[in-house]
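[1] take a look and give me a structure for this.
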Amino acid sequence: MPTENLFIAHPENKEQVNALKAFVKALKIKFEVASVKEYNPNFVAKIQKSKKEIEGGKFTRIEKEDLQQFLGMK
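    Predicted structure coming up:
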């Protein structure tokens with residue numbers, strides 16, 4: 001019978017991961033393990049640089065009514 005419950009655990013080491021898997025398997029509960037992927041360091045650096053530029057006032061503000069013209073759509 002489907003359920004709306006979702007459990008999220010944050011094991012800190014391989015031993016805890018293995019114990020959780022064994023426990024869930026023993027209870028015959030379907031489960032999946034999702035891997036967490038880190039962001040590309042170059043992407044993170046670009047975002048941080050952009051944030052600093054905005055804080056320093058280095059940005060262009062476009063009014064809504066001028067957006068299509070700015071994008072070359074008019």
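
[2] in this structure, where is pLDDT below threshold?
    By pLDDT under 70, the weakly predicted segments of the chain are 1-3.

[3] ok, which stretches of it are helices?
    If you assign secondary structure with DSSP state H, the helices in the chain sit at 14-26, 41-55, 67-70.

[4] turn these into JSON lines, columns for mean neighbour count.
    Bear in mind the C-beta positions are built from the backbone N, C-alpha and C, glycine included. Output for the helices of the chain, formatted as JSON lines (neighbours: other CB atoms under 10 Å):
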{"stretch": "helix 14-26", "mean neighbour count": "11"}
{"stretch": "helix 41-55", "mean neighbour count": "10"}
{"stretch": "helix 67-70", "mean neighbour count": "10"}
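
[5] residue 7: which of these is closest?
    Nearest of the helices of the chain to residue 7, taken as CB to CB: helix 14-26 at 9.2 Å.

[6] what lies in contact with the closest one?
    9, 11, 31, 33 (CB atoms under 8 Å, 6 or more residues apart in numbering).

[7] could you identify the most distant pair in those?
    11 and 31 (12.8 Å).

[8] can you get me a residue count around residue 7?
    8 (other CB atoms under 10 Å).

[9] any idea how far residue 36 is from the closest residue in space to residue 9 that isn't next to it in sequence?
    In this structure, residue 9 finds its nearest non-sequential neighbour in residue 20, 5.9 Å apart by CB to CB, 6 or more residues apart in numbering. Taking CB to CB, to the nearest Å as the measure, residue 20 falls 15 Å from residue 36.

[10] swap in residue 9?
    Where residue 36 is concerned, residue 9 sits at a distance of 13 Å (CB to CB).

[11] next one: residue 50
    For residue 50, the distance to residue 36 - CB to CB - is 24 Å.
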